[in-house]
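A.B. asks: only the shape, not the letters, is given here:
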């Protein structure tokens with residue numbers, strides 16, 4: 001039995017994207033750790049905070065780096081949440097998601113094999 005490109009291509013792209021996002025999260029984690037370290041390093045350096053291009057209140061450079069670290073941490077969580085959504089694959093949901101022309105259990109079998117081959121905990125999409 002041959003498999004539809006409507007199943008294989010999107011699944012291959014999802015698996016690739018999952019791996020690439022793993023690397024992105026690792027790199028973002030490194031950036032966050034560096035920003036935290038800079039927050040400690042510059043904890044005593046006073047600067048003027050700015051609001052709407054106007055001087056506001058004094059703050060430390062450490063506070064500024066800490067704020068950047070928090071923002072990067074939040075973005076890491078957003079990437080992880082988005083990554084979780086693409087673990088659902090459509091292998092075996094041929095013919096517009098109906099599973100037509102796929103043998104019984106094919107979706108479950110191919111999903112399990114992909115998990116073993118890739119180490120990625122993909123989940124099967126629902127067929128209609």
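C.D. replies: Structure's in. What do you need? Since the structure is predicted, the reported quantities are computational estimates derived from the model, not experimental observations.
A.B. asks: what's near enough to touch residue 91?
C.D. replies: Neighbouring residues of residue 91 by CB atoms under 8 Å, 6 or more residues apart in numbering: 3, 7, 8, 11, 107, 110, 111, 114, 124. Using the backbone N, CA and C atoms, a C-beta is placed for each residue, glycine as well.
A.B. asks: confirm the fifth one sits in a helix?
C.D. replies: Think residue 107. Yes - the assignment for residue 107 by DSSP: H, G, I helix; E, B strand; the rest coil puts it in a helix.
A.B. asks: what is the burial count for the nearest residue to it once chain neighbours are set aside?
C.D. replies: Distances taken as CB to CB, 6 or more residues apart in numbering put residue 92 closest to residue 107, at 3.4 Å, once the chain neighbours are dropped. Residues lying near residue 92 (other CB atoms under 10 Å) number 23.
A.B. asks: please apply the same query to residue 124.
C.D. replies: Residue 124, neighbours per other CB under 10 Å, totals 19.
A.B. asks: looking at this structure, which residue lies furthest from center?
C.D. replies: residue 55 (37.2 Å; CA atoms, centre = their mean).
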